[in-house]
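K.L.:
When you get a sec, could you give me coordinates for this:
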Amino acid sequence: MSVTEERQRPDLSALRIRREDEDAKSVAWGTIAGWIVALMVVLGAAYAIYVLWIGPRRALLVDTIVVKPTVNVTNPPLLTATGYLVADKQSKITPKISGKVVRLNFDVGDKVTAGQVLAVLESTNMQAQLDESQAALTGADREWKRQSALWKEGVTTHALLDSAEAQLKGAQARAAQIRINMQDMVVRAPFAGTIATKNTEVGEVISSVMMGQVGGTLPAGAICTLVDLKTLEVVADVNEASIGQLHEGQSAEVSVDAFPNQKWKGVLRQIIPTADRAKATVQVKVKIEDPSDRLLPEMSSSVSFLQSERTDAEMHEPARLWVPASAVANGNVAVVDAEKRVALRHVTTGAVREQRIEITNGIKSGDRIITSGAEALKDGQLVRIE
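P.N.:
Just a heads-up that it's a prediction; the model follows:
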C-alpha cells in the first residue's frame, strides 16, 4: 500500500469509548453527594444541639408559679397538715360482771344521756343469791340479838358474842355485795354521747372486765362504743422542721374530704412532746370549736394553721384565682406551655389585695404563669424556668 493510501485511510481510534473518563466522573459525583449528605448531617446535628442545649441555655430565665384557686390572701395559712378526726372523749362500755344480755336499749347512731340504761343482763341467779344472803342476814341478826341479851344477863361468854357479831357483819357484807352486783347487771351510759358501734346482741353472754383481763381478751365483753362528738379533734402529723411555727392555743381551720366546701374553726390543743424518728414528724391535736353532726370519727381531714383567727366572712369566702400584681402587664399575663414557650393572654382582673390581683377571665387553674416582666416577652419566646 502506498503512502497516499495510508494517509486517506480513516483513524478509527477516535471512535473508541473511554471507560476511564466515565468512571472518573462517577467517582466525582459520588464524592460530591457524600459530602452533601455529611454536611446535612452536621447541620442537623448542629441544629439539634442548638435547639436542645444551646437555645434553652441562652433563653431568658424567668420565675413562674402554678395558678390555683385560693382564699384569704390577707391571712394565708402558715402551713397545712393532714390527719384524721378522733373523739377525745370516747369509751368502750363493758359490764363489771359477766352475764347474758336480756335487753338492749340502743342502736348505732343513737344519742344517749348520762345515766341512761343501755343494757340489762340476766339476774335470775343473782336474785336467788340475794334471797339466800337475806335469809342468812336475818339469822345472823337474830343470833347476835340473842347473844347480846344473854351477855347482859351474864349467862354467855364474850367470845360467843363476838362470834355472833362477826357473823352478822359478814352476812351484811355479802348481802350488800350481791345488791351491788345486781345494780351492775344494769349497764348505764357514763356520759352523754352517740353510739358509734354495737358489739353484742340480745341472748349473747358477755364477759366482765375482770374476766377479760384474766383471759387477756379485754375488751371482749364490750357492749358498745360511746363517743362524745362535741369533743372531735384532728390528730395530724407535722414535719418536725415546721413545728417551731406552732404553739398551743393557735388558731386553725379544719376541713374534711367528705365536705370540701365547708370549714370549721379550730384551735391547737396539744403538741405531743415526742417525735417520730422514722417519719421525722411531730403529732399535734387540733380541737374543733363547734363540730356539726356531719363530722364523724376517722374521717380524713386537713388542718391549716393560721397567723390570726379568721372572721366568719373569711371562713365562707369562695376560692378565687389570685396572681401577683407584677404578673399582669398591659392587661396580659404570660403563660408558659409544656414546651417552655410563652403565650401572652389577655385577662380580666377583679379585686386587688396585698399586692395580688384577682383574675376573673383569661387563665385557668393549673396554668403556669411568669410572675414579672411580661411586658418584655413575645408570643412563642423560649424561656427557662427558675
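
K.L.:
mind listing the helices in the stretch 1-150 of the chain by residue range?
P.N.:
3-8, 19-49, 55-58, 124-153 (DSSP state H, counting those that start in this stretch).

K.L.:
Lowest average confidence across those, which one?
P.N.:
Across the helices of the stretch 1-150 of the chain, helix 3-8 has the smallest mean pLDDT, namely a mean of 51.

K.L.:
so what's Asp367 up against?
P.N.:
66-67, 335 (CB atoms under 8 Å, 6 or more residues apart in numbering). C-betas here are computed from N, CA, C, even on glycine.

K.L.:
can we see that at 7 Å?
P.N.:
By CB atoms under 7 Å, 6 or more residues apart in numbering, the contact list for Asp367 reads 67, 335.

K.L.:
Check it and give its pLDDT.
P.N.:
The pLDDT attached to Asp367 in the predicted structure is 92.

K.L.:
Next, work out how far apart it and His158 are.
P.N.:
102 Å (CB to CB, to the nearest Å).

K.L.:
Helices of the stretch 201-350 of the chain, start to end?
P.N.:
Assigned by DSSP H, counting those that start in this stretch, the stretch 201-350 of the chain shows helices spanning 209-215, 312-315.

K.L.:
Contacts only, for the closest residue to Lys285 other than its chain neighbours.
P.N.:
Once flanking residues are discounted, Lys285 sits nearest to Gln270: 4.5 Å by CB to CB, 6 or more residues apart in numbering. Neighbouring residues of Gln270 by CB under 7 Å, 6+ apart: 248, 284-285.

K.L.:
now do Val62
P.N.:
With contacts defined as CB under 7 Å, 6+ apart, Val62 is in contact with 370, 373, 383-386.

K.L.:
quick one: it and Gln177, what's the gap?
P.N.:
Val62 is 83 Å from Gln177, where distance means CB to CB.

K.L.:
swap in Trp322?
P.N.:
71 Å.

K.L.:
tell me which residues in the lengthiest strand in the chain are buried?
P.N.:
In the chain, taking DSSP state E as the definition, the longest strand is strand 259-276. Residues of strand 259-276 classed as buried by neighbour count (16 or more other CB atoms under 10 Å): 263-269, 271.

K.L.:
export those to a markdown table and tack on pLDDT and distance to Val41?
P.N.:
Formatted as a markdown table, the buried residues of strand 259-276 follow (pLDDT from 0 to 100; distance: CB to CB, whole Å):
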| residue | pLDDT | distance to Val41 |
| --- | --- | --- |
| Lys263 | 85 | 62 |
| Trp264 | 90 | 67 |
| Lys265 | 89 | 68 |
| Gly266 | 91 | 66 |
| Val267 | 93 | 70 |
| Leu268 | 94 | 66 |
| Arg269 | 94 | 71 |
| Ile271 | 94 | 66 |
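
K.L.:
Just the closest of those to Lys111, please.
P.N.:
Distance to Lys111 across those (CB to CB) is lowest for Trp264, with 20.1 Å.

K.L.:
what sits against that closest one?
P.N.:
When contacts are counted by CB under 7 Å, 6+ apart, Trp264 is found next to 254, 288, 290-291.

K.L.:
The same query, at a cut-off of 8 Å, please.
P.N.:
Residues counted as contacts of Trp264 (CB under 8 Å, 6+ apart) are 253-255, 288-292, 295.

K.L.:
from those residues, which has minimum pLDDT?
P.N.:
Note: of the contacts of Trp264, the lowest pLDDT belongs to Ser292, at 82.
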